[in-house]
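J.: Kindly generate the corresponding structure for this input.
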Amino acid sequence: MSAQAWETDPGRRGAFFRQLQQLTTQIHATRNVDEIMLDVSGGICSLFGADRLSIYVVGEDKASLVSKVKTGLSSFRQLRLPISAMSVAGYAALSRRTLNLVDVYDEDELHRYAPDLRFQQGVDRRTGYRTREMLVIPILHEDTVIGVFQLINNLLGGAFSDTVVEGATSLCETLAVAFAQRSQEEVRERGGFADAIRETVLPRGQVEQALQHACASGQDIEDVLIDDFRLKLPVVGRALADHFAVPYLSHHPERRVPQELLAAIDRTLAANQQWLPVARNDSGVYVACVDPEQARLGGGIAAAFPDARPVFCVTTRRDFAAMLDHYFGPPTVATPAGALGAAQQSQLLDAVAALVAGSHQQGLSDLRIDTAPGERPGEIRFTVSGVMRLP
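T.: Have a look, this model is predicted:
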C-alpha cells in the first residue's frame with residue numbers, strides 16, 4: 001500500500017517508514033550502489049506510489065545531469081539534462097529546491113517556481129508516455145548538489161503527499177552518502193593483479209622481476225607474465241578474478257554471439273570501452289571486461305542496459321581480443337583511395353633515386369618535387385646559382 005493511503009493512520013505510517021528503512025539498509029550495505037539501485041527501484045516506486053523513477057547524477061562537466069536509473073524506458077541512451085531552468089530536474093539541481101508538481105505541462109504551475117522553468121517533452125513525444133505529476137528532490141552531500149531524485153506520476157493522482165515527500169527526502173540523504181562513498185573508493189588498478197598470483201605458481205621474487213621488467217620496457221604486465229615467464233592464460237585469468245573479486249571469463253570459439261545485446265555496440269566502441277556483453281538471463285547482463293573497475297565507473301554498461309543488473313566478469317586482454325574477432329570478425333584495414341601498389345612504389349622510388357643522382361652530378365643545390373592530386377601532373381623544380389627554375 002502506498003504512503004498516500006497511510007496519511008491519517010499512525011500504524012500504517014509507521015509501516016511505511018519501516019519499509020523505507022529496509023530499502024535504505026540495503027543501499028548502505030552494498031559496495032555497488034549502481035547494482036542495488038536497479039534491484040530496489042521497483043520497491044521504491046511501489047512504496048511511494050509512483051509509476052516511474054529517475055535518478056540523475058551531476059556529470060563530470062558539473063553543468064549537466066546524467067541519468068543513472070530510469071525505470072520504464074528501454075532506450076540504451078543516457079539522458080543528459082542541463083543544470084538550468086530548461087528542465088525540471090535541472091532546475092531542482094540549480095535552485096536546490098524540492099518541486100512537487102501536479103501537471104508538468106501546466107505552464108502557470110511551472111512559472112510559480114521560476115518564470116523560465118520548462119518541462120522537457122522530448123521523451124514523452126518519442127515514447128507516447130504522458131508525464132503528469134512529478135516530485136523532484138536535489139541530492140545534496142555536504143551542501144553540494146551531486147544528483148537529483150525524481151518520482152513520476154502519482155498512481156493515486158494529484159500532488160505527492162507529505163508522507164511521500166518526507167520519505168523521499170530521507171531516501172535522498174541515504175543516496176547522498178552512498179554516492180559520495182562510492183566516489184571516494186580507491187579504484188583497484190588492473191596491474192595489481194600480479195600480487196594475486198599464487199606463490200606455488202610463480203614465486204614472489206619472480207613476480208617482482210616481472211613487474212620491474214614491465215615498468216622498464218613499457219609493456220603490459222599481462223604480456224610479460226605470459227611471454228617472458230610462461231604463465232598460462234587461465235592462470236593469469238584466475239589472478240585477475242581474485243584481484244577484482246569477480247569471475248574469470250575466457251574466450252570460447254563456440255560461444256554464441258548475443259546479437260540481441262549488440263544493437264548499440266560496434267567493434268570500435270567495444271574496443272575503446274574494453275567490455276562486451278556475453279549473455280542475459282534473470283540474474284542480469286553478463287559482461288566480459290578487461291578492467292571491471294573502469295567498466296563500472298565508466299557508466300557505459302548502465303547506459304546500454306538501463307533495466308538490467310550488470311554481472312561483471314574479468315577477462316585477459318588476449319581473451320578480449322579473440323572475443324572481438326569472434327563477435328565482429330577480424331579488423332579491416334582500409335586502403336586509401338589511390339594508394340600505390342608494391343610495384344608502383346618500387347617504380348616511384350627508382351625514379352626519385354635517379355632524379356637525386358642526376359641532380360648531384362649536375363651540381364644542383366636544390367631539388368623540389370611538387371605532386372598534384374588525381375591525374376593532374378606535378379612539377380619538378382631545381383635551383384641553380386640561387387634561382388629556382390623549371391626543367
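
J.: What separation do you get for the residue nearest the centre of the chain and residue 87?
T.: Centroid-nearest residue in the chain, with Cα atoms, centre = their mean: residue 300, separated by 2.3 Å. Using Cβ to Cβ, to the nearest Å, residue 300 is found at 23 Å from residue 87. C-beta: built from backbone N, CA, C; applies to glycine.

J.: Where does pLDDT dip in the chain?
T.: For the chain, the stretches with pLDDT under 70 are 1-10, 30-36, 73-78, 182-188, 333-342, 360, 363-391.

J.: quick one: the helices in this protein?
T.: 10-29, 33-48, 88-95, 107-111, 122-127, 162-184, 204-217, 221-223, 233-244, 267-273, 292-298, 300-304, 317-328, 342-362 (DSSP state H).

J.: distance of the residue nearest to the centre of the chain from residue 287?
T.: Distance of residue 300 to residue 287, computed by Cβ to Cβ: 10 Å.

J.: what do the two both touch?
T.: residue 275 (Cβ atoms under 8 Å, 6 or more residues apart in numbering).

J.: Is there a neighbour count for the closest residue to residue 312 other than its chain neighbours? I'd like the number.
T.: Leaving aside its sequence neighbours, residue 312 sits nearest to residue 292 (Cβ to Cβ, 6 or more residues apart in numbering; 4.2 Å). As a burial measure, residue 292 scores 26 neighbours (other Cβ atoms under 10 Å).

J.: likewise residue 157?
T.: 11.

J.: Tell me who's in contact with it.
T.: Counting by Cβ under 8 Å, 6+ apart, residue 157 touches residue 133.

J.: Residue 95 now?
T.: 113-114.

J.: And residue 242, how close does it get to residue 293?
T.: Counting by Cβ to Cβ, the gap from residue 242 to residue 293 is 14 Å.

J.: Same question for residue 326.
T.: Per Cβ to Cβ, residue 326 is found 24 Å from residue 293.

J.: More neighbours: these two, which one.
T.: Higher neighbour count among residue 326 and residue 293: residue 293, with 19 against 15, using other Cβ under 10 Å.

J.: Grab the nearest non-local neighbour of residue 150.
T.: residue 54 (4.3 Å).

J.: how about the one you found, what does it touch?
T.: Taking Cβ under 8 Å, 6+ apart as the criterion, residue 54 is in contact with 67, 69-71, 79, 89, 150, 152.

J.: between those residues, which has the most around it?
T.: residue 89 leads those on contacts (other Cβ under 10 Å) with 27 neighbours.

J.: So that one sits against residue 81, correct?
T.: Yes: contact between residue 89 and residue 81 holds when scored by Cβ atoms under 8 Å: they sit 5.5 Å apart.

J.: what domains does the record give for the chain?
T.: 3-184, 187-239, 246-332, 343-389 (automatic domain parsing).

J.: Quick check: end-to-end length of the third one?
T.: Across its full length, domain 246-332 reaches 33 Å between end residues, using Cα to Cα, to the nearest Å.

J.: How far off centre is it?
T.: Chain-centre distance of domain 246-332: 12 Å, with Cα atoms, centre = their mean, to the nearest Å.

J.: swap in the first one?
T.: Centroid displacement of domain 3-184 relative to its chain, using Cα atoms, centre = their mean, is 22 Å.

J.: Show me what counts as buried in stretch 275-295.
T.: 275-280, 284-295 (16 or more other Cβ atoms under 10 Å).

J.: swap that for stretch 240-255, please
T.: Result for stretch 240-255 [16+ other Cβ under 10 Å]: buried residues 240-244, 246, 248-251.

J.: do the same with stretch 205-216
T.: Residues of stretch 205-216 classed as buried by neighbour count (16+ other Cβ under 10 Å): 207, 210-211, 214.

J.: Make a markdown table out of those residues and add distance to residue 27.
T.: Listed next are these as a markdown table, based on distance: Cβ to Cβ, whole Å:
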| residue | distance to residue 27 |
| --- | --- |
| 207 | 38 |
| 210 | 40 |
| 211 | 38 |
| 214 | 39 |
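
J.: Go through these and name the one nearest residue 61.
T.: The nearest member of the buried residues of stretch 205-216 to residue 61, counting by Cβ to Cβ, is residue 214 at 34.7 Å.

J.: I figured that closest one hits residue 226, correct?
T.: No: contact criterion Cβ under 8 Å: residue 214 and residue 226 do not qualify, at 11.4 Å.

J.: where does residue 276 sit relative to residue 133, distance-wise?
T.: Distance, residue 276 to residue 133, by Cβ to Cβ: 40 Å.

J.: Also residue 94?
T.: 21 Å.

J.: Compare neighbour counts for the two and give me the winner.
T.: residue 133 (21 against 18).

J.: and the angle from the lengthiest strand in the chain to helix 88-95?
T.: Ranked by number of residues, the top strand in the chain under DSSP state E is strand 144-154. Using axes from the mean of the first three to the mean of the last three Cα atoms, to 10 degrees, the direction of strand 144-154 lies 150 degrees away from that of helix 88-95.

J.: For strand 144-154, give me every contacting residue.
T.: With Cβ under 8 Å, 6+ apart, strand 144-154 has contacts from 4, 45, 48-58, 65, 68, 72, 88-89, 92-93, 96, 131-140, 160, 164, 168, 171-172, 175-176, 179-180.

J.: Great, nothing more from me.
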